[in-house]
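Enquirer: Fold the following for me, if possible:
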Amino acid sequence: MNSFNRMVMLIFAVLIIGIPVVILLTAFRVIPAGALDSIFGYTSALDGLGRLSASAVSGVWLWTGIATGLIFLASLLLILRELSYGLEPTPRAIIDDRPGSETVIVPGALRHLAEGAAIEAGAIDPRVAIGGGRRAYEVRCDLEVARSDEIARVAERARANILRVLGTQRVPVKRVEVTVRGVSRQGGRAAR
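Expert: Below is the predicted model:
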């Protein structure tokens, strides 16, 4: 998040959250109304609004509502933009791109293939995340093992088996990272 976006989001946060909080604190007499009036001079603004005609007041409320809605939408878009930064969806794996015989595998299917390969290698409850881009995928697999004396062996077998299974499906793999979460409490039963 760059500094401009932070500044704009801070201003919107004050407008959307700070002002109603100050109004509520004043209504419950936590903040004295006289203190706010001396800082902001809001009673003169209220007096000015009271002198406006009924048609002018409805126009003021309309424009105030429109401005408030635009501020809310702009802040919501900025927040959603910042939350989705770096969370690019994983593209589909293109296996064959010849015209008329295109074959693609969706990321969910890749994840299931990798989980099945890890279970086949002796892993318990593997959790696979697929990342990467257009050329090759990065596979991260977190798993448990049945016994503590087989951590390294099962991790290496799972890594090799994931590479083998995805390779037989012609899925380009850049890297496979296997992390052992610990020893399973299931007593050696393979999950799923």
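Enquirer: Partner strands of the helix or strand containing Val176, with direction?
Expert: Under the criterion DSSP states H and E, the helix or strand holding Val176 is strand 173-183. When pairs are called by DSSP bridges, strand 173-183 turns out to pair with strand 137-145 (parallel).
Enquirer: Which elements pack onto the next helix or strand after the strand it pairs with?
Expert: Following strand 137-145 in sequence order, the next helix or strand is helix 151-168 (DSSP H and E). Under the contact criterion of 3 or more CB pairs under 8 Å, 6 or more residues apart in numbering; DSSP states H and E, helix 151-168 touches helix 107-120, strand 137-145, strand 173-183. Placement of C-beta: from N, CA and C, glycine included.
Enquirer: angle of the longest one against strand 173-183?
Expert: Translated: helix 107-120. Between the direction of helix 107-120 and that of strand 173-183, the angle (axes from the mean of the first three to the mean of the last three CA atoms, to 10 degrees) works out to 50 degrees.
Enquirer: that older thread, Serialize the helices and strands packed on helix 151-168 to a markdown table and add fields for distance to Ala160, mean neighbour count and mean pLDDT.
Expert: Converted to a markdown table, these look like this (distance: least, CB to CB, whole Å; neighbours: other CB atoms under 10 Å; pLDDT from 0 to 100):
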| stretch | distance to Ala160 | mean neighbour count | mean pLDDT |
| --- | --- | --- | --- |
| helix 107-120 | 9 | 19 | 89 |
| strand 137-145 | 12 | 21 | 89 |
| strand 173-183 | 9 | 15 | 89 |
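Enquirer: what ranges of this structure fall below the confidence cut-off?
Expert: Low-confidence regions of the chain, defined here as pLDDT under 70, cover residues 1-3, 5-6, 42-61, 65, 81-96, 133-134, 186-192.
Enquirer: Let's see that with 90 instead.
Expert: For the chain, the stretches with pLDDT under 90 are 1-111, 129-139, 146-151, 166-175, 181-192.
Enquirer: mind listing what's buried in the helix or strand encompassing Met9?
Expert: With the criterion set as DSSP H and E, the secondary-structure element containing Met9 is helix 3-13. Residues of helix 3-13 classed as buried by neighbour count (16 or more other CB atoms under 10 Å): 9, 12.
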